[in-house]
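**Student:** Got a sequence here, can you model it:
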Amino acid sequence: MSTLHTWAGLLLGWVLYAMFLTGTVSYFKDELSQWMRPELPRLSQIPDQAVVAQRLADELGNIAPGTSQWSIRLPDERNNSVYAFWRTTPRNPGQRGFGEGNFDPATGQRVASRDTLGGEFFYRFHFQFHYMPVVWGRWLAGAAAMFMLVAIVSGVITHKKIFVDFFTFRWGKRQRSWLDAHNSLSVFGLPFHFMITYTGLVTLMALYMPWGEQVAFKTPAERQQLSAELSAFIQPGKPSGQKTALASVADMVRQAQERWGRDSIGRVTAVHPGDAAARVSVARGEAGRVSMSPQYMEFEGATGKLLTVRESVGAAAETRGVLYALHLGRFSDTEMRWLYFLVSFMGTAMVGTGLVMWTVKRRQKLPDPGCPYFGFRLVERLNIASIAGLSIAMTAFLWANRLLPHPLESRADWEVHAFFIVWGLTLLHAVVRPARSAWVEQLWAASALLFLLPLLNAFTTQRPLWHSLVEGDRVFAGIDMMCWALALLHAVLAIRTARQGAISQSGLKPKRQAPVVTSREAAE
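**Tutor:** Residues are numbered from 1 along each chain as shown. Coordinates of the predicted model:
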């Protein structure tokens with residue numbers, strides 16, 4: 001079990017660390033997206049969602065006539081803009097078959113904000129990575145999650161005194177200190193770590209284990225029923241060819257508001273708008289719900305007649321919906337999201353300390369720590385770039401958001417390119433520099449970039465920290481102060497690494513070999 005725990009944690013440990021850290025940040029992805037679009041005004045209160053839905057329906061009718069489907073996410077307490085997407089007919093093979101944009105809820109017009117993926121990039125990277133087909137990325141994430149489950153179970157079996165060790169932490173004891181930190185972080189959030197890993201697999205269960213679904217649901221009607229159990233998106237069907245304007249979308253949303261509450265509408269979707277066969281679904285939002293199972297009302301688009309109300313699903317689908325909601329944490333209020341964030345951050349540290357402990361434990365057994373074998377050097381360098389380097393790369397992504405010019409073509413893509421370019425440079429730095437120096441330098445670099453980010457925001461936007469505090473803008477003020485808190489954390493790690501050298505071989509001397517004593521020397 002000890003061997004299984006070690007290798008299950010190591011082989012995909014760097015992937016797991018990246019998944020954990022980006023997933024941790026994703027609990028505040030909506031707030032991060034607001035920070036990365038400083039041109040959008042702060043909403044002091046949530047506008048009438050029915051009025052906003054009608055404005056966007058009219059605007060989409062102008063900018064996307066003839067679309068087969070559009071969908072809008074209405075503003076709420078965490079989103080100050082309306083996100084919309086609509087299907088298009090690709091002109092060339094390989095082109096995207098949809099358009100998207102953010103819109104001002106007060107006017108219905110597309111906002112002139114900088115092009116960015118915002119916090120959505122970290123969320124997507126967390127489970128499907130980048131620069132690879134989406135399916136491949138999700139398969140890799142699933143394999144890493146399975147390795148994580150194996151590491152959790154085998155770790156509990158291996159550490160017999162894991163709960164006793166939780167209350168014992170020994171500073172400055174090299175390997176013992178790393179093991180104590182790893183045990184403490186593991187035990188404190190053990191139920192959460194197990195839950196978040198298992199439910200992550202459940203969210204993509206149809207991809208990982210599709211065979212039962214393929215056997216059970218064969219006819220189009222059965223597949224349509226399955227889709228209705230899992231999603232509020234209406235199946236397009238066939239248009240009639242008879243042009244008919246959409247009925248009042250605002251009236252449809254108001255019927256849903258009477259049922260679920262004024263600010264409880266999440267999304268409005270229309271298929272074949274402008275056709276007699278149009279359908280409109282108004283979906284309930286996720287706030288205050290402990291299940292991701294769809295709840296929606298479906299209307300006849302041409303007349304506004306209510307066709308069906310779906311507020312419950314089967315037991316299997318509801319189980320999946322609850323597990324899905326547990327993983328995403330979107331049902332929670334601010335306090336619960338912070339708890340998710342903190343325990344998930346501990347999970348990130350758990351993976352990181354496990355990776356570092358692998359090198360600390362084996363360095364003491366090296367015949368010559370100054371010249372370790374290739375596998376040891378590989379793990380050591382990957383640790384530096386994956387842990388300290390990822391902090392630098394994620395902060396560089398935020399710097400790119402403030403520094404890249406607004407009219408730049410494919411600006412959002414260049415923010416992502418900056419993330420990976422900087423991350424690659426940290427790996428190069430880790431390879432060419434001594435391990436201890438690389439750790440210290442990269443930790444200090446991450447600390448400096450995080451500390452200076454609020455100052456960069458003050459010079460490049462109209463929303464500096466002092467302005468945000470006066471205006472009561474918790475999003476901008478909170479992110480600026482969180483950057484300083486994380487800068488302090490990285491500075492503390494850099495100082496301790498420089499003092500103790502517990503991470504690199506610099507603090508250790510080669511094992512002393514027993515001197516060869518001749519018989520004459522012994523006699524003397």
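
**Student:** ok, the residue nearest to the spatial centre of the chain - contacts?
**Tutor:** Closest residue to the average C-alpha location of the chain: Y123 at 2.8 Å, with CA atoms, centre = their mean. By CB atoms under 8 Å, 6 or more residues apart in numbering, the contact set of Y123 is T22, G23, S26, K29. (Each C-beta comes from the backbone N, C-alpha and C, glycine too.)

**Student:** from those, which is closest to F451?
**Tutor:** T22 (21.3 Å; CB to CB).

**Student:** What about the closest one, how many residues nearby?
**Tutor:** 22 (other CB atoms under 10 Å).

**Student:** Distance of it relative to Q225?
**Tutor:** 35 Å (CB to CB, to the nearest Å).

**Student:** before we move on, back to that, just say helix, strand or coil for the residue nearest to the centre of the chain.
**Tutor:** Applying DSSP: H, G, I helix; E, B strand; the rest coil to Y123 yields a three-state assignment of helix.

**Student:** what about F233, helix or strand, and which?
**Tutor:** Assessed by DSSP states H and E, F233 sits outside every helix and strand.

**Student:** before we move on, back to that, can the contacts of Y123 go into CSV with extra columns for pLDDT, distance to A315 and secondary structure?
**Tutor:** Shown next, in CSV, are the contacts of Y123 (pLDDT from 0 to 100; distance: CB to CB, whole Å; DSSP: H, G, I helix; E, B strand; the rest coil):
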residue, pLDDT, distance to A315, secondary structure
T22, 96, 33, helix
G23, 94, 28, helix
S26, 94, 29, helix
K29, 92, 31, helix
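
**Student:** want to throw those into a markdown table with distance to G99?
**Tutor:** As requested, the contacts of Y123 are exported to a markdown table (distance: CB to CB, whole Å):
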| residue | distance to G99 |
| --- | --- |
| T22 | 27 |
| G23 | 29 |
| S26 | 25 |
| K29 | 22 |
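
**Student:** Looking at these, which is nearest V202?
**Tutor:** For the contacts of Y123, the nearest to V202 is G23 (14.8 Å; CB to CB).

**Student:** Please give me every residue in contact with the closest one.
**Tutor:** F122, Y123, H126, F127, I196, S344.

**Student:** try 7 Å this time
**Tutor:** Counting by CB atoms under 7 Å, 6 or more residues apart in numbering, G23 makes contact with H126, S344.

**Student:** Next one: it from W7, what distance?
**Tutor:** Taken as CB to CB, the span from G23 to W7 is 23 Å.

**Student:** Same question for A247.
**Tutor:** 61 Å.

**Student:** what do you get for L246?
**Tutor:** On the measure of CB to CB, L246 and W7 end up 58 Å apart.

**Student:** More neighbours: the two, which one.
**Tutor:** L246 (22 against 16).

**Student:** ok, that one - contacts?
**Tutor:** Here L246 is in contact with A57, A270, P273, G274, A278, G301 (criterion: CB under 7 Å, 6+ apart).

**Student:** Distance check, it against A50.
**Tutor:** L246 is 14 Å from A50, by CB to CB.

**Student:** So what touches whichever helix or strand V416 is part of?
**Tutor:** Using DSSP H and E, V416 sits within helix 411-432. The contact list for helix 411-432, computed with CB under 7 Å, 6+ apart, reads 114-117, 121, 130, 381, 384-385, 389-390, 392-393, 396-397, 400-401, 404, 408, 438, 442.

**Student:** Which of those fall within helices?
**Tutor:** Members of these lying in helices (criterion: DSSP state H): 121, 381, 384-385, 389-390, 392-393, 396-397, 400-401, 438, 442.

**Student:** from the residues you listed, which two are the most distant?
**Tutor:** R381 and N401 (28.7 Å).

**Student:** okay, these two: which has more neighbours?
**Tutor:** N401 (25 against 20).

**Student:** Let me see the contact set for that one.
**Tutor:** Counted by CB under 7 Å, 6+ apart, N401 has contacts M36, T116, E415.

**Student:** Closest one of the contacts of Y123 to A206?
**Tutor:** The nearest one, if we look at these relative to A206 and count by CB to CB, is G23, at 20.2 Å.

**Student:** Distance-wise, check that closest one relative to G424.
**Tutor:** 22 Å.

**Student:** go on, V356?
**Tutor:** From V356 over to G424 (counting by CB to CB), the distance is 21 Å.

**Student:** quick one: which of those two has more around it?
**Tutor:** V356 (21 against 13).

**Student:** Test my guess that the more buried one contacts I384.
**Tutor:** No. V356 is not in contact with I384 according to CB atoms under 7 Å; the separation is 9.7 Å.

**Student:** And the average pLDDT for stretch 107-119 is what?
**Tutor:** Mean pLDDT, computed over stretch 107-119, is 86.

**Student:** Helices of the stretch 1-150 of the chain, residue ranges please.
**Tutor:** For the stretch 1-150 of the chain, the helices defined by DSSP state H, counting those that start in this stretch occupy 2-11, 13-25, 29-35, 49-63, 120-128, 134-158.

**Student:** how about those helices, which one is nearest A446?
**Tutor:** helix 13-25 (12.0 Å).

**Student:** Which pLDDT value belongs to P407?
**Tutor:** The model's pLDDT for P407 equals 84.

**Student:** again but with T518, I slipped
**Tutor:** Looking at T518, the pLDDT reads 41.

**Student:** picking that back up, could you provide the helices of the stretch 1-150 of the chain in a markdown table, with additional columns for distance to P41?
**Tutor:** As requested, the helices of the stretch 1-150 of the chain are arranged in a markdown table below (distance: least, CB to CB, whole Å):
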| stretch | distance to P41 |
| --- | --- |
| helix 2-11 | 46 |
| helix 13-25 | 24 |
| helix 29-35 | 10 |
| helix 49-63 | 14 |
| helix 120-128 | 20 |
| helix 134-158 | 34 |
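
**Student:** Any idea which of the ones you listed gets closest to F376?
**Tutor:** Closest among the helices of the stretch 1-150 of the chain, once you apply CB to CB, is helix 2-11, at 11.8 Å.

**Student:** And for the closest residue to P75 other than its chain neighbours, the neighbour number?
**Tutor:** The shortest distance from P75 to any residue other than its chain neighbours is 4.8 Å, reached at P105 (CB to CB, 6 or more residues apart in numbering). Neighbourhood size, P105 [other CB under 10 Å]: 24.

**Student:** swap in T88?
**Tutor:** 15.

**Student:** V271 contacts K238, correct?
**Tutor:** No. V271 is not in contact with K238 according to CB under 7 Å; the separation is 10.5 Å.

**Student:** neighbour-wise, which of the two wins?
**Tutor:** Neighbour count, other CB under 10 Å: between V271 and K238, V271 has more, with 23 against 8.

**Student:** Spit out the contact partners of the more buried one.
**Tutor:** The contact partners of V271, by CB under 7 Å, 6+ apart, come to S68, Q69, I234, P236, A278, R279.

**Student:** I'd guessed G99 sits against W86; true?
**Tutor:** Yes. Contact criterion CB under 7 Å: G99 and W86 qualify, at 5.4 Å.

**Student:** With distance to K160 as added columns, please give the ones in helices among the contacts of helix 411-432 in a markdown table.
**Tutor:** Output for these, formatted as a markdown table (distance: CB to CB, whole Å):
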| residue | distance to K160 |
| --- | --- |
| F121 | 42 |
| R381 | 33 |
| I384 | 32 |
| A385 | 34 |
| G389 | 35 |
| L390 | 33 |
| I392 | 38 |
| A393 | 38 |
| A396 | 43 |
| F397 | 42 |
| A400 | 48 |
| N401 | 48 |
| A438 | 36 |
| Q442 | 36 |
